[in-house]
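**Student:** kindly return the folded structure for what I paste below:
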Amino acid sequence: MSLWTSDEIAQATGGTASAAFDVSSVTFDSREVGPGDLFVALTGEVTDGHKFLDQAFERGAAGALVSRDTSHPHVRVGDTFAALETLAEASRARTNAKIIGVTGSAGKTGTKEALFAALDRSPAKRAHRSVKSYNNHTGVPLSLSRMPPEVDYGVFEMGMNHPGELAHLTTLVRPHVAIVTAIAPAHAAFFPDEAAIADAKGEIFQGLEPGGVAIVPYDSPHRDRLTDAARPHAGRIVTFGVGEGADVVALEAVRAGNGGTFVTARIGDRELSYTVSQPGQHWVTNSLAVLATVDAVGGDLALAGLALAELGGLAGRGDRFWIAAGDGRALVIDESYNANPASMRATLEVLGAQEASRRVAVLGEMRELGDKSADHHAGLAGPIRHANVELALLVGEAMKPLAEALEGQVEIVHVPDAAAARDRLGAVLRAGDAVLIKGSNGVGLSALVAALGDGKT
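**Tutor:** Prediction:
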C-alpha cells in the first residue's frame, strides 16, 4: 500500500518532485532502507545522508527527500530536516486517529509498546506506534511521517534531555492523551533538580488537543507539579498508581507463577483483574497507565488486560533468554538499553525476586547525572544488597563510588568497558546463575547481550 506519493510529499514539504513515485515507509538511516521506502537524506554535524543515496537505492528505496541534485527519483527541498517535520505535520493533519503521547524518566518505551499491543489487539481497530526508541527531534517526526492515514490509534514516545524539547515535539504530535510515566533523575546534568525535570516532562501537556486527557503518576512526589502543568491544557486529568486516591489504582497485586503479577485494578467505578507478564512492581504501575489511557480513548479494557498478559520481553528492556553455562544454563535478563537511578532500583528488585543459585548484576555506569553522579552510583549499594546479589560486575569509571560502597559486602569485579565485561563474565558464569545486564546506552552493554545471545539454548 502507498503511504505517500511523490506529489503528496512535494505538496507537504513545498518541494519539487523529479518523477512520479509511491513510497510505503520512511527512513533516514540508509542501513534500514527496505523496498519501497522514502529515504530522507538528513545533513548533520557528523555525516550527510546524501552520501548514502546510492546505497539506499541499492537497498530498494523508491524515492528520496534531498536538498541537492541527484539522478535518483526524489523530491528536492531547501532543508531536509525541516521537510521531515512538515511531512510529519501533514501526516498528523490527515488522520482521524486518536493520538497518544508518552514521556517519562523511566517506563516510556515499555508503556508505549504495551499500549500498542492493547489497542492493536481488536480485529476491528488498527494502531501505529513509534518503533525502537525513536523519541527525539528526528525520531518523533519520522514516526509521525510513517503513520498510515487510516489507523485508529497512534502512540508516540517523546523524550528529552533539555528544557523546551518536549514543548516542540508535543506540538508536532498534538496528542488527545498525554502520559507522564514517572519522574526520576535522568539527564540530571542538564537540570538543577528533579522538580525541573518534572517541569520539562510536563511540557508534553502543552500540545494536548482541546478537551484532551492528561495522565499523571499519582505516587510521584511531583504529582501536584505535573497536575498544575496539565491543568491549563487538559480537559480532564487522570491519575494512576497504587496509592489510595488514584483514579486508576491497583487494589491488589500478587506475584504470578510465571514471574509476572496478577493485578486487580479499579478504573473509575469498574474493576478489572488481569496478569502482567513482565515482572516487577514498575510494570504494575506501567500497566495502570496503560489502562488509564485505553479507557481515555474508548478502547476495550478486557482486550488490554489480555494484551498485558501476553506482552513479550522487549530487547534491552526486560527480554529474557537462557544461555549455556558450565554443565547447565544461566538466565540473562536484558535491561541493557539505558539506565537511571530509578530504573536501576526497579530492575535490581526484579533480579532479587528471580529464583537462582546465584544472582549476578552486570551494571554499566549511569551517565548525564551531573555533580550528584557519585552519590547516585553509591546509592545503588543498598538495592544490590537487598536483591541478594552475590557478584557485581561494574562497568565504567563512574562506578567507582559503588565499588567502594560495596567493598567487603558483595564480590566485586570493576572493569573499564563493555568489552572487558564480556571477557570477565564469560570467565565467571555458572550454571544456575541469573544475570541482570543494565547500564546507560553509551556504555555499550547491548553488545555484551548480543554476544551472549549467540549461545541461546
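
**Student:** buried set for stretch 205-221?
**Tutor:** Within stretch 205-221, the residues that count as buried by 16 or more other C-beta atoms under 10 Å are 205-209, 212-220. Backbone N, C-alpha and C define where each C-beta goes, glycine included.

**Student:** same deal with stretch 57-69?
**Tutor:** 57, 59, 61-67.

**Student:** now for those residues: which two are most distant?
**Tutor:** Checked with C-beta to C-beta, the buried residues of stretch 57-69 reach their widest spread between 59 and 67, with 20.8 Å between them.

**Student:** show me how the protein divides into domains.
**Tutor:** 4-78, 95-310, 319-453 (automatic domain parsing).

**Student:** okay, strands next: where are they in the stretch 151-300 of the chain?
**Tutor:** For the stretch 151-300 of the chain, applying DSSP state E, counting those that start in this stretch gives strands covering 153-157, 177-180, 213-217, 236-241, 248-255, 261-267, 270-276.

**Student:** deepest of these, which one?
**Tutor:** strand 177-180 (a mean of 30; mean count of other C-beta atoms under 10 Å).

**Student:** can you add mean pLDDT and give the domains of the chain back as JSON lines?
**Tutor:** JSON lines is the format used below for these (pLDDT from 0 to 100):
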{"stretch": "domain 4-78", "mean pLDDT": "96"}
{"stretch": "domain 95-310", "mean pLDDT": "95"}
{"stretch": "domain 319-453", "mean pLDDT": "95"}
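
**Student:** now those domains as CSV including distance to residue 85?
**Tutor:** Listed next are these as CSV, based on distance: least, C-beta to C-beta, whole Å:
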stretch, distance to residue 85
domain 4-78, 9
domain 95-310, 5
domain 319-453, 25
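
**Student:** just to revisit the earlier point, of the buried residues of stretch 57-69, closest to residue 350?
**Tutor:** residue 59 (38.8 Å).

**Student:** show me what contacts that closest one?
**Tutor:** 30, 33-35 (C-beta atoms under 8 Å, 6 or more residues apart in numbering).

**Student:** of the strands of the stretch 151-300 of the chain, which is nearest residue 407?
**Tutor:** Going by C-beta to C-beta, the one of those nearest residue 407 is strand 248-255, 32.7 Å.

**Student:** what angle do that closest one and strand 213-217 make?
**Tutor:** Going by axes from the mean of the first three to the mean of the last three C-alpha atoms, to 10 degrees, strand 248-255 is angled at 40 degrees with respect to strand 213-217.

**Student:** please compute how far strand 248-255 lies from its chain's middle.
**Tutor:** Here strand 248-255 shows a centroid-to-chain-centroid distance of 24 Å under the convention C-alpha atoms, centre = their mean, to the nearest Å.

**Student:** contacting residues around that strand?
**Tutor:** Taking C-beta under 8 Å, 6+ apart as the rule, strand 248-255 contacts 218, 238-243, 261-268, 271, 281, 284-285, 288-289, 291-292, 295, 353.

**Student:** so what strands line up beside that strand?
**Tutor:** Strand 248-255 has its sheet partners listed here by DSSP bridges as strand 236-241 (parallel), strand 261-267 (antiparallel).

**Student:** burial check on residue 87, number of neighbours?
**Tutor:** Look at residue 87: counted by other C-beta atoms under 10 Å, it has 27 neighbours.

**Student:** what about the longest helix in the chain?
**Tutor:** helix 281-296 (DSSP state H).

**Student:** thank you, goodbye.
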